[in-house]
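Engineer: I'll drop the sequence and a predicted model, then ask my questions.
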Amino acid sequence: MYLNCKTYFSFRYGVMSAAKLVELADEYGVQALALTNINCTADHWTFYHECLKVGISPVLGVEIRNGDELMYIILAQNLEGVYCINDYLSTFLQQQKPFPAKCLLQQSVWVIYPFKHRALATEFHEWVGVQPQESTLLFSMRSLLSKCVILQPVTVINKRSYNLHRLLRAIDKNILLSKQQLQHIAKTTEVFMPADQLLKSFSLYPQIITATFKLLESCSYNLDSHSSKNKMYYSSSLSSDSILLEKLAIDGLYKRYGKKNKIAFERVQKELEVINRLEFNAYFLIAWDVVRYAQSRSFYYVGRGSGANSIVAYCLQITDVDPITLDLYFERFLNPYRASPPDFDIDFSWKDRDEMIDYIFKRYGSKYVAMLGMYSTFKQRAAVRELGKVFGLPKIEIDKLVYNSRSGIHEDEIHKQVLHYATSLQSFPNHLSIHPGGILISEKPITTYTTVVLPPKGFPVTQIDMFIAEDIGLYKLDILSQRGLGHIRETVELVEQNTGQRIDISRVQDFMNDTRVADKIKKADTIGCFYIESPAMRQLLKKLRCDDYITLVAASSIIRPGVAQSGMMKQYIQNYHHPNKVRYLHPVMKDLLQETFGVMVYQEDVIKVAHHFAGMDMGEADVLRRAMSGKYRGNSGFDILRNKFFEHCKELGRDDKVANEVWRQIESFAGYSFSKAHSASFAVESYQSLFLKTYFPIEFMVSVINNFGGFYSTELYFNELKRVGALLKPPCVNEGFELTTVCNATVIVGFAHVCGLTQLFIHKLIANRETFGPYLSLVNFVERLCPGIEQLSLLIRCGAFRFTNKRKRELLWEAHMLLKHTKPGNATPALFTHDLKSFSLPKLDEMYYDDVLDEIELFGFPLDDAFNLIDTDLSGTVAAHDFEQYVGKEVSVVGYFITSKPVRTTKGAFMYFGTFLDCYGDWVDSVHFPDSAERYMLQGNGFYQMTGKVLEDFGVYSIEVRCMTKLGIKIGEVQ
């Protein structure tokens, strides 16, 4: 009878999860239940398993709609029917075509048309759905009875959830609740009802009741959630894959280690045996195939994830992390208890990633490959904003509710409703999104398991997310993009262009042994370097006095939030400097954690501690590690693992206090920690960046700027260019390009940094110059390009016509005279040049401040030293390099704001950490505790005078701000 039920995967329509739907059905004694979300099969697998838990027969289907119009409902009779539904949905959703009025599917499905479309139900597999309120219409339609089934939709739970449904529909339509129309929403009757009440509505038509039960009974399938569904073989068979993988691994072993390394050879053999036994050969070979293509295209890449613990992956050049040198834990990567293949995360430059994805789709077939979907869910603030608009609240009131929901404003009844329903909406899926890099490569067509849509990005995306995919045996390969690799690639190209020198960026071992590179790390001179440039990382490197690879690997993991918040980062630093004073919780812990000075730093440490200290087997230990990553936290599965941990500890006679402390440490950090191989992969890339920054600082920083990535704003990277000796020049119509360029030590700012200058006009300017030669004058420029006055004014104001040796104001007058009767048009070279009517101008004084204001407005920052603008006497203030003399004392310091990090204290109070530069270009790190943070808020970019006490922590200095004032800037002299 319940042939048409929805969950919240009917986006912005349904109001309950699959678990809640099944729970309600069980309460009403329902024996068979159909899930039919609107144009979506995202939670089919979840619904199926929830039904089996309580003994309900699951029926899988979909509700087909064109906009608000219900076309028909499709139910799968068997597994083939499930595949047909996924394929049917995928076809129309990818083509973005409306669904036909009559369903095109004929085999292995039932099609149910709404009563108003009853004339379409002409085939054996087609039915007419009759809702209880429509049963009275059947009296005069006796001939139709043999084609009818009961159709009782379930969309909501009760009146409160119906209100939530209406709000979701208004959000979806982007309309006021008062403007909502009946066709936008479900009926209030779309709920579960007692069976006798529902059957009573059809008591005159027993054949309809019988047909409904028979239809439900005819739908039966056994979904396989246990076996792997990834591509089974890279070649033609398991044995062929095994032979190929062994050959490639041995060849790589000889290249990486030579032919006489017995330890490496034995580990390769051990890994190959486990890989073959678990039938993961194809997974490794596909990853190898991907990086082989990248190598053929000279793309830089970094292989990481748990797979980087593997010596086979190292020999196949999937990663550049040597597991023997780093003593990487084999069982983190693979163990006989593990059902899923190891993770391979392969990073590419953002410029190369799309080509890599395109290769995978073409290599393995678009029917068998898809990007992994994920779901954007409603968060509190976003929900408040959406609901505020639906209720018609003015923006100022919505902002107050968003940023201060406890303020007196919400005493209003509507405000209360907004906050109430916003809480109800939290974690509801809002819309389908794309996983940052997950790609599925399956043995059977992807639509065997899920519907596949085609977003604007252009690559097919599954409607199931990562968690469902893993649960059913579909494991992703991550093809990710990051700006850091773009920095490296472009720096190598710029160095060759600028100096003729070719850099072999693969010489990582040489970089690790380079004393100048080591000195860079020790001083934390790491701006622009991948993963190690943030204020927190910069401070950590200085506290550790890090100057080697192993310490950098550890730093890459302990910087993660869980380690820092649990106090273990501070403990690690203390123990690192005083290894003889380390106190281990238990002798077993000393054996396990001596390398990391008694502190759990890597995910592998969770496995080792759970296995050797708590006595859990390797399978349980690895499941615990995965559970700590967040997948199982908060559910009964996690509680079971916790109980097992303590039960095993008790069996081994571990002290309760010690066991509790070990668990606290595991729990506090594991959700945010890296595997050691992951950290090692990041550290390799960090060393590559450090080498380039050390020996080619100008080219490196230009590359960071041109890739528009990094922790800081573009201003800081231009400032870094000046610090390393570059001569910085504004854009130029004759020398400049869209991106920033370098020649020797001269850097010309790219047109891309001029706010308001369109990319189309930039390309036109450059193309004309390359075709017809340099621009001779402003007149010549106008004749050749016919620009609009707005674009031309931007070029003049940013200094792009300085080759004319005319002042900006004179050029602006000239531009307006040239264009006052001209409309912008297509750029064509003039056949004849025209003499500009001569005119004389009074002397137009220009001030230094005018140029600076133009730069701040157009670039977002001045090209000259910002401290030239400060309108304050700096005498009496202290510079950062003198902080050591003032520890514990109050000082006044002036800093140029760079960035801040807001945080909450354990009591929920707001505070923040600040990062500034002083007049010498040195870092000023500030701490603003709640009292100070509330009284002295940051007011955007600019100069701040801060007064407070100098703090010292492991040789790193900061200022605890007591009070803070934003400073003004001065007007310069006439030029």
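Structural biologist: Everything's here; your move. Not measured: the values here are computed from a predicted model.

Engineer: Isn't residue 816 up against residue 790?
Structural biologist: No. Assessed by CB atoms under 8 Å, residue 816 is found out of contact with residue 790, at 11.6 Å. For every residue, glycine as well, the C-beta is placed using N, CA and C.

Engineer: from the middle of its chain, how far away would the helix or strand that contains residue 946 be?
Structural biologist: Assessed by DSSP states H and E, residue 946 sits inside strand 943-953. Relative to its parent chain, strand 943-953 has a centroid offset of 35 Å by CA atoms, centre = their mean, to the nearest Å.

Engineer: What is it packed up against?
Structural biologist: strand 890-904, strand 923-928, strand 956-967 (3 or more CB pairs under 8 Å, 6 or more residues apart in numbering; DSSP states H and E).

Engineer: Determine the three-state secondary structure at residue 432.
Structural biologist: strand (DSSP: H, G, I helix; E, B strand; the rest coil).

Engineer: May I have the residues that are in contact with it?
Structural biologist: Shown in contact with residue 432 (CB atoms under 8 Å, 6 or more residues apart in numbering): 11, 42, 373-376, 453, 455, 461, 463.

Engineer: do residue 377 as well
Structural biologist: So residue 377 contacts 426-430 (CB under 8 Å, 6+ apart).

Engineer: switch the cut-off to 6 Å
Structural biologist: For residue 377, the contacting residues are 427, 429-430, by CB atoms under 6 Å, 6 or more residues apart in numbering.

Engineer: now it: how far from residue 461?
Structural biologist: Using CB to CB, to the nearest Å, residue 377 is found at 17 Å from residue 461.

Engineer: Check residue 717 too.
Structural biologist: Taking CB to CB, one finds residue 717 at 34 Å from residue 461.

Engineer: And residue 389, by the same measure?
Structural biologist: Applying CB to CB to residue 389 and residue 461 gives a distance of 28 Å.

Engineer: The two: which has the busier surroundings?
Structural biologist: Neighbour count, other CB atoms under 10 Å: between residue 389 and residue 461, residue 461 has more, with 23 against 18.

Engineer: got the phi/psi numbers for the more buried one?
Structural biologist: Reported as degrees, to the nearest 10, the phi and psi values for residue 461 are phi -130, psi 140.

Engineer: and if you look at residue 452?
Structural biologist: Residue torsions, per degrees, to the nearest 10, at residue 452 are phi -130, psi 130.

Engineer: could you measure it against residue 48, distance?
Structural biologist: 19 Å.

Engineer: where does the helix or strand hosting residue 269 sit relative to the chain's centre, distance-wise?
Structural biologist: Residue 269 belongs to helix 262-277 when assigned by DSSP H and E. Between the centre of helix 262-277 and the centre of its host chain there is 35 Å, according to CA atoms, centre = their mean.

Engineer: With just CA atoms, put that helix into PDB.
Structural biologist: The C-alpha coordinates for helix 262-277 follow below in PDB (Å, rounded to 0.1, in the frame of the first residue of the first chain):
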ATOM      1  CA  LYS A 262      67.900  -7.900   1.000                       C
ATOM      2  CA  ILE A 263      65.600  -6.000   3.400                       C
ATOM      3  CA  ALA A 264      63.900  -4.200   0.600                       C
ATOM      4  CA  PHE A 265      63.500  -7.400  -1.500                       C
ATOM      5  CA  GLU A 266      62.000  -9.300   1.400                       C
ATOM      6  CA  ARG A 267      59.500  -6.500   2.100                       C
ATOM      7  CA  VAL A 268      58.500  -6.300  -1.600                       C
ATOM      8  CA  GLN A 269      57.900 -10.100  -1.600                       C
ATOM      9  CA  LYS A 270      55.900  -9.900   1.600                       C
ATOM     10  CA  GLU A 271      53.700  -7.100   0.300                       C
ATOM     11  CA  LEU A 272      53.100  -8.800  -3.100                       C
ATOM     12  CA  GLU A 273      52.000 -11.900  -1.300                       C
ATOM     13  CA  VAL A 274      49.400 -10.000   0.800                       C
ATOM     14  CA  ILE A 275      48.300  -7.900  -2.200                       C
ATOM     15  CA  ASN A 276      47.700 -11.000  -4.300                       C
ATOM     16  CA  ARG A 277      45.900 -12.900  -1.500                       C
END
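
Engineer: Please shift the residue numbers so they start at 42 in all later answers.
Structural biologist: Will do, 42 is the new start, and the previous item becomes helix 303-318.

Engineer: Now do the buried residues in that helix.
Structural biologist: Across helix 303-318, burial judged by 16 or more other CB atoms under 10 Å covers 305-306, 308-309, 312-313, 315-317.

Engineer: From the residues you listed, pick the one nearest residue 533.
Structural biologist: residue 305 (29.8 Å; CB to CB).

Engineer: Quick one: residues contacting that closest one.
Structural biologist: Neighbours of residue 305 in contact, by CB under 6 Å, 6+ apart: 298, 365.

Engineer: Next one: residue 1001 from residue 539, what distance?
Structural biologist: 45 Å.

Engineer: again, but for residue 861
Structural biologist: Applying CB to CB to residue 861 and residue 539 gives a distance of 43 Å.

Engineer: And those two? Which one has more around it.
Structural biologist: residue 539 (17 against 8).

Engineer: SS state for the more buried one?
Structural biologist: Residue 539 - assigned by three-state DSSP - is helix.

Engineer: now it: how far from residue 561?
Structural biologist: On the measure of CB to CB, residue 539 and residue 561 end up 21 Å apart.

Engineer: Ok, residue 615 next?
Structural biologist: On the measure of CB to CB, residue 615 and residue 561 end up 25 Å apart.

Engineer: Look at the two and report which has more neighbours.
Structural biologist: residue 561 (22 against 15).

Engineer: name the element the more buried one belongs to?
Structural biologist: Residue 561 belongs to helix 556-563, assigned by DSSP H and E.

Engineer: What pLDDT is listed against residue 867?
Structural biologist: pLDDT for residue 867: 47.

Engineer: Which parts of the stretch 692-841 of the chain are helices?
Structural biologist: Applying DSSP state H, counting those that start in this stretch to the stretch 692-841 of the chain gives helices spanning 697-710, 717-736, 738-747, 755-764, 800-813, 819-826, 830-838.
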